[in-house]
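how would this look folded up:
(4 chains)
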Number of protein chains: 2
Amino acid sequence: MSAVDVAFHGLRQMISSGRLAAGQKFPPEADLCEELGVSRGSLREAVRMLSALRVIDSRHGSGTYVARLVPEEIVGTLALTVDLLPLAGLLEIYELRRVLEAHATSQAAAKITEEQGRELLQLLDRMEATSDGHQASELDALFHSSIAAIAGSPTLATLLDVFRSRSRSYQIFDTPDGKLIKATSDAGHRSITNALIARDPAAAYSAAAQHVAQTEHWLRLHQPPVSGAPDRSVAPPAPSRGRSYRRRQLAGSADDQPHR
Amino acid sequence: MSAVDVAFHGLRQMISSGRLAAGQKFPPEADLCEELGVSRGSLREAVRMLSALRVIDSRHGSGTYVARLVPEEIVGTLALTVDLLPLAGLLEIYELRRVLEAHATSQAAAKITEEQGRELLQLLDRMEATSDGHQASELDALFHSSIAAIAGSPTLATLLDVFRSRSRSYQIFDTPDGKLIKATSDAGHRSITNALIARDPAAAYSAAAQHVAQTEHWLRLHQPPVSGAPDRSVAPPAPSRGRSYRRRQLAGSADDQPHR
DNA sequence: TAACCGCAAGTTATCTGATGTCTTTCGAAG
DNA sequence: CTTCGAAAGACATCAGATAACTTGCGGTTA
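Residues are numbered from 1 along each chain as shown, chains lettered A, B, ... in the order given. Below you'll find the model as predicted:
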């Protein structure tokens, strides 16, 4: 059991044992080091791990706190990771997306208000009006996201957002078949909206399932432009805060892979 | 943008840009520090974050590698976090579990072989034979897990395992109504198995959905014994590797919570 | 009184260098 | 050819010093 593991499980146990509830503050780092019997560096690595998992929340100058511990935030951690999956992995996720999207849409059909129906129709009009691929993707995401919100489960909505954000990076509308794809997609959205306004869960389920399946089909046909995962570049340019470390050439060592 | 963020996004971008593919090795820490312009400590915290998210894999004495990047491993990160959700959050997850478990079971009905059907029947017999709550929970998990495996989607199976592991901690069979719950649960398992052996996806879907809904209902009735999340204590006793840190009393500072 | 400002204390963030520990490799001995 | 041991490479951990940020308190001002 490494020092970081000790700290990790120790911190985790402080929460699971009920000693610290959601939102409460941890003791300062120095105290935690003493209690857990690890150095400050190891403790901080453990804190970073739990922070990456959205279990705790460290605020500079203030302290370290237990996160809110609601499912949608926990699920949100996947947003940073599914973007790195290669295409093969993404397609396996589509089965989940199809089932969940269909369920969310049918739930929305049972709960939608007239006001919400009108908003969806407006969104639909804007979507059919645009011919810009980028904007179409934005509106598409907004359309599905709105439906998931109507369905009433934040966790489900967040999970679907994660799946969609990954698909969106492929810019499916900017392919040679883009026009056809957009027309078919618009028709699918129209079917979904009709089912929602009719408050027909079964029809909504089918329409959403077919819409997702159609999208998956196109994604299988149009392989991504670059091999591996696409680079959506949320990351910043590394500011030059470097000090002095010993230099060695490194670009060539990226392809050696010891037997495992 | 903090130093750790710089390192985190830098490492992440090395993968997303395609420079390093799944399984490949990162340059040594010193080289990464120079390239990213951060100190070793900050780099290591970033590595820990990606490691917690199962995106990279650091092996003592060997080096740091890009993980396999398959969906089921990414989804597996949730296992460490859903255990910390309070009951309210768990119940919100049950909607997802119901939908996904039903889907997996219906998929299994379409794919199950006779051999697999016989194995499920054996499992069912063992489950009905036992009266030990702990063993019943184990077999219950194995039963559903087997079905998810038959369904053929590792990602879905892993996700369902995560949800179930959390529910299992409540030891629902050890409540006053344990006998009734077990009997009803056994009947539900029998229905599911019958639908599977009949290779009837629709019947399997309904049986699984009802089974999960029933479980959820009991969980709502029987509040957990302790407030907050139960402690399932996978964690070890912290070995006394402590050095010397300054002492301050700390137990009292756990309930002060500044405005946020 | 109420709003504002600045200072001081507390806390996390970062960097650095030294040392421990594990893995892998390679050559020599059997 | 096999086995064993030494050495190099790499991550793991620790300790201390310094920087940066947040918060709250008290004084100032309108």
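
quick one: contacts for A:Val212?
A:94, A:97-98, A:101-102 (C-beta atoms under 8 Å, 6 or more residues apart in numbering or on different chains). C-betas here are computed from N, CA, C, even on glycine.

Could you list the domains of chain A?
Here the domain parsing of chain A from automatic domain parsing is A:3-69, A:75-221.

Save those as CSV, and put in mean pLDDT and distance to B:Thr193 too.
Shown next, in CSV, are those (pLDDT from 0 to 100; distance: least, C-beta to C-beta, whole Å):
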stretch, mean pLDDT, distance to B:Thr193
domain A:3-69, 93, 34
domain A:75-221, 92, 22
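
for these, which one sits closest to DNA strand C?
domain A:3-69 (3.4 Å; C-beta to the nearest atom of the strand).

still on that earlier bit, among the contacts of A:Val212, which are within reach of DNA strand C?
Among the contacts of A:Val212, no residue lies close to DNA strand C (C-beta under 7 Å from any atom of the strand).

which of these tops the neighbour count?
Neighbour counts for the contacts of A:Val212, by other C-beta atoms under 10 Å in any protein chain shown, peak at A:Glu101, which reaches 28 neighbours.

Please work out which residue of chain A is closest to DNA strand D.
Counting by C-beta to the nearest atom of the strand, chain A gets nearest DNA strand D through A:Gly61, at 2.3 Å.

how deep is that residue tucked in, by neighbour count?
Neighbour tally, A:Gly61, other C-beta under 10 Å: 4.

A:Asp132 too?
Around A:Asp132 there are 11 residues (other C-beta under 10 Å).

ok, now how distant is it from A:Leu139?
10 Å (C-beta to C-beta, to the nearest Å).

ranges for the helices of the stretch 51-200 of chain A?
Along the stretch 51-200 of chain A, counting by DSSP state H, counting those that start in this stretch, helices occupy A:71-76, A:79-82, A:87-111, A:114-129, A:133-151, A:154-168, A:178-197.

can you put the ones you listed in JSON lines and add distance to B:Lys25?
Shown next, in JSON lines, are the helices of the stretch 51-200 of chain A (distance: least, C-beta to C-beta, whole Å):
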{"stretch": "helix A:71-76", "distance to B:Lys25": "30"}
{"stretch": "helix A:79-82", "distance to B:Lys25": "20"}
{"stretch": "helix A:87-111", "distance to B:Lys25": "21"}
{"stretch": "helix A:114-129", "distance to B:Lys25": "45"}
{"stretch": "helix A:133-151", "distance to B:Lys25": "35"}
{"stretch": "helix A:154-168", "distance to B:Lys25": "26"}
{"stretch": "helix A:178-197", "distance to B:Lys25": "39"}
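
Spatially nearest residue to A:Ala136 (excluding sequence neighbours)?
Excluding the flanking residues, the one nearest A:Ala136 by C-beta to C-beta, 6 or more residues apart in numbering or on different chains is A:Phe173, at 5.1 Å.

Which positions in the stretch 51-200 of chain A make contact with chain B?
Applying C-beta under 8 Å from any C-beta of the partner chain, we find that the stretch 51-200 of chain A lies next to chain B at A:51-55, A:62-63, A:65, A:69-71, A:74-75, A:77-78, A:80-86, A:89-90, A:92-93, A:95-96, A:99-100, A:103, A:153-156, A:159.

mind redoing it with 6 Å?
Within the stretch 51-200 of chain A, the positions near chain B by C-beta under 6 Å from any C-beta of the partner chain are A:52-53, A:55, A:69-71, A:74, A:81, A:84-85, A:89, A:92-93, A:95, A:99, A:103, A:153, A:155.

Now A:Arg68, what are its backbone angles?
phi -70, psi -20 (degrees, to the nearest 10).

brain fart, A:Lys25
Residue torsions, per degrees, to the nearest 10, at A:Lys25 are phi -100, psi 140.

Name whatever forms a beta bridge with it.
Counting by DSSP bridges, A:Lys25 forms beta bridges with A:Tyr65.

DNA strand D contacts on the stretch 1-150 of chain A?
Checking the stretch 1-150 of chain A against DNA strand D by C-beta under 7 Å from any atom of the strand, the hits are A:2-5, A:37-42, A:45, A:59-62.

Select only the buried ones of these in PyMOL?
Selecting only the buried members of those in PyMOL, with burial defined as 16 or more other C-beta atoms under 10 Å in any protein chain shown, works like this:
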select buried, chain A and resi 3+4+5+37+38+39+41+42+45
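
Next step: the residues of the stretch 1-150 of chain A next to DNA strand D restricted to helices.
A:3-5, A:40-42, A:45 (DSSP state H).

List just the nearest of those to A:Ala183.
Distance to A:Ala183, by C-beta to C-beta, is smallest for A:Glu45 among these, at 51.6 Å.

Surely that closest one is in contact with A:Asp5, unless I've mixed up the numbering?
No. Assessed by C-beta atoms under 6 Å, A:Glu45 is found out of contact with A:Asp5, at 10.0 Å.

relative to helix A:154-168, how tilted is the helix or strand that contains A:Thr215?
Assigned by DSSP states H and E, A:Thr215 belongs to helix A:201-221. Here the directions of helix A:201-221 and helix A:154-168 differ by 30 degrees (axes from the mean of the first three to the mean of the last three C-alpha atoms, to 10 degrees).

Helix A:201-221 to helix A:178-197, inter-axis angle?
Using the same axes, to 10 degrees: helix A:201-221 against helix A:178-197 is 160 degrees.

Would you mark the buried spots in helix A:201-221?
Quick answer for helix A:201-221 (16+ other C-beta under 10 Å): A:201, A:203-209, A:211-213, A:215-216, A:218-219.
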